[in-house]
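Undergrad: What follows is a predicted structure for the sequence shown.
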Amino acid sequence: MVTTAVLKPVGLGAAATLLGCLLAAAPAPAGAAFAAYLAAAPLVVLFWFRHHPNRRRFGLANSVTLARLVASVWILALVLQAVWEEPTRLIAICITVLGSVCLILDGVDGRIARRRGETSRFGGWFDNETDAGTTLLLSIALVVVHVGGWVVVLIGLLRYLYLLAAIPFPALRSPLPFSQARRVIGLSQAIVMLLAILLAGLVPSEWLIILPGIALLALIWSFGRDAWHQVVSARS
């Protein structure tokens, strides 16, 4: 059935999310993290029915992206656990491992979709939003493990601020050409954040903050360049 195509994997994702959250955190932070999955799940189902009303299979590529979403919620549980009690080396290591898994899978689901003919508008949206959510969580994790102040959260917020800016400035909604620099910067900032989280407590924070600082400056340059290109293209 078409309904089962999306509800079954999302339901299995809910079970895996709950189990992982309970293993990662105390009941209160685990419950809060699981609530985040329950908030995201209806959006996944809604967009699926919007773009694939007649498709009977969720697809392997989308299942890999769903696994990334589950892992991201586990990261949220660990972050909330660190706030609930205190950040520990074990929490930092677990966040780094889960973040690395998400990063690896991010490079896998797209290839699977192309090889299996599963590319779709839904898959692109699901991949982008999951990636953006994971980036935001890692930027918050930097603050929680005491790598810099709240300014580093801009690493994860910039993409959402860009989307908000597109509301009053329609030029920012225009499509962008492929950019290898944009791709490299996006990959590098995730690696840099994971490295900084892993080294938290082992390297003085005044030195460690250099890593996310460079990532933030590179992202600002990337978004600024894209915005300039869109504005110029809209006027020409």
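TA: Now that the structure is in, tell me what you want to look at.
Undergrad: mind listing the helices for the chain?
TA: Ranges of helices within the chain are 2-24, 27-51, 60-84, 89-115, 121-144, 154-165, 180-199, 205-208, 210-235, based on DSSP state H.
Undergrad: which stretch among these comes nearest A171?
TA: helix 210-235 (3.8 Å; Cβ to Cβ). The way it works is simple: take the backbone N, C-alpha and C, and place the C-beta from them, glycine included.
Undergrad: Can you mark which positions in that closest one are buried?
TA: L211, P212, G213, A215, L216, A218, L219, S222, F223, D226, A227, Q230 (16 or more other Cβ atoms under 10 Å).
Undergrad: Report the contact partners of the second one.
TA: Just to be clear, that refers to P212. Neighbouring residues of P212 by Cβ atoms under 8 Å, 6 or more residues apart in numbering: S139, L142, V147, G148, V152, I155, V192, M193, A196.
Undergrad: My read is that the last one contacts V147, right?
TA: Yes. The pair formed by A196 and V147 meets the contact definition of Cβ atoms under 8 Å, at 4.9 Å.
Undergrad: between those two, who's got more neighbours?
TA: Applying other Cβ atoms under 10 Å to A196 and V147 shows that A196 carries more neighbours, namely 27 against 23.
Undergrad: re earlier: any chance of the helices of the chain in TSV, plus distance to A171 and mean pLDDT?
TA: Shown next, in TSV, are the helices of the chain (distance: least, Cβ to Cβ, whole Å; pLDDT from 0 to 100):
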stretch	distance to A171	mean pLDDT
helix 2-24	35	92
helix 27-51	25	95
helix 60-84	30	97
helix 89-115	28	95
helix 121-144	20	96
helix 154-165	10	96
helix 180-199	18	94
helix 205-208	38	90
helix 210-235	4	93
